[in-house]
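Participant: Have a look at this prediction, sequence included:
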Amino acid sequence: QVQLVESGGGLVQAGGSLRLSCAASGGFVSNYAMGWFRQAPGKEREIVAAGSRNGDSLYYRNPVKGRFTLSRDNAKNTVYLQMNSLKPEDTAVYYCAARWGTYSTSLRDYRYWGQGTQVTVSS
């Protein structure tokens, strides 16, 4: 089964950028639909972005549209989330997840999860 490891989180000022990475092992990201989720303190985990296996179909949560970009590098077996124009409300632990088949916006549909990486945006 695939294992996922996120990295790239950190502390950034509002308006700044971060690029999160999700490195896979034990499987190939090209075989999976991938999603990025986030969970802020006291809140439920929510979808941020998701993409089909071939990258043709992409979904972004409304508040991040135009600011976040999901991409893949199959040669590196890694999925990325580029986050620009960050806002304090983007502060959360960010998780990547993988599933067979088409992408989904529901966390219950994802079988494989990383451990998460903290993103903190200061005002």
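Facilitator: That came through, no problem.
Participant: CA atoms for contacts and neighbours, from now on please.
Facilitator: Fine.
Participant: any idea how far the spatially most central residue of the chain is from residue 123?
Facilitator: Per CA atoms, centre = their mean, the C-alpha nearest to the average position across the chain is that of residue 36, at 2.5 Å. For residue 36, the distance to residue 123 (CA to CA, to the nearest Å) stands at 23 Å.
Participant: Check residue 35 too.
Facilitator: 27 Å.
Participant: Looking at those two, which one has more neighbours?
Facilitator: Taking neighbours as other CA atoms under 10 Å, residue 35 and residue 123 compare with residue 35 leading, 29 against 11.
Participant: on that earlier part again, the residue nearest to the centre of the chain - nearest residue in space that isn't next to it in sequence?
Facilitator: residue 96 (4.5 Å; CA to CA, 6 or more residues apart in numbering).
Participant: So in that sheet, which strands flank the helix or strand that contains that neighbour, and in what orientation?
Facilitator: Assigned by DSSP states H and E, residue 96 belongs to strand 92-99. Strand 92-99 has its sheet partners listed here by DSSP bridges as strand 33-39 (antiparallel), strand 112-113 (antiparallel), strand 117-122 (antiparallel).
Participant: can you give me the strands for the protein?
Facilitator: 3-7, 10-13, 18-25, 33-39, 46-51, 58-60, 68-73, 78-83, 92-99, 112-113, 117-122 (DSSP state E).
Participant: For residue 106, find the nearest of these.
Facilitator: strand 46-51 (7.1 Å; CA to CA).
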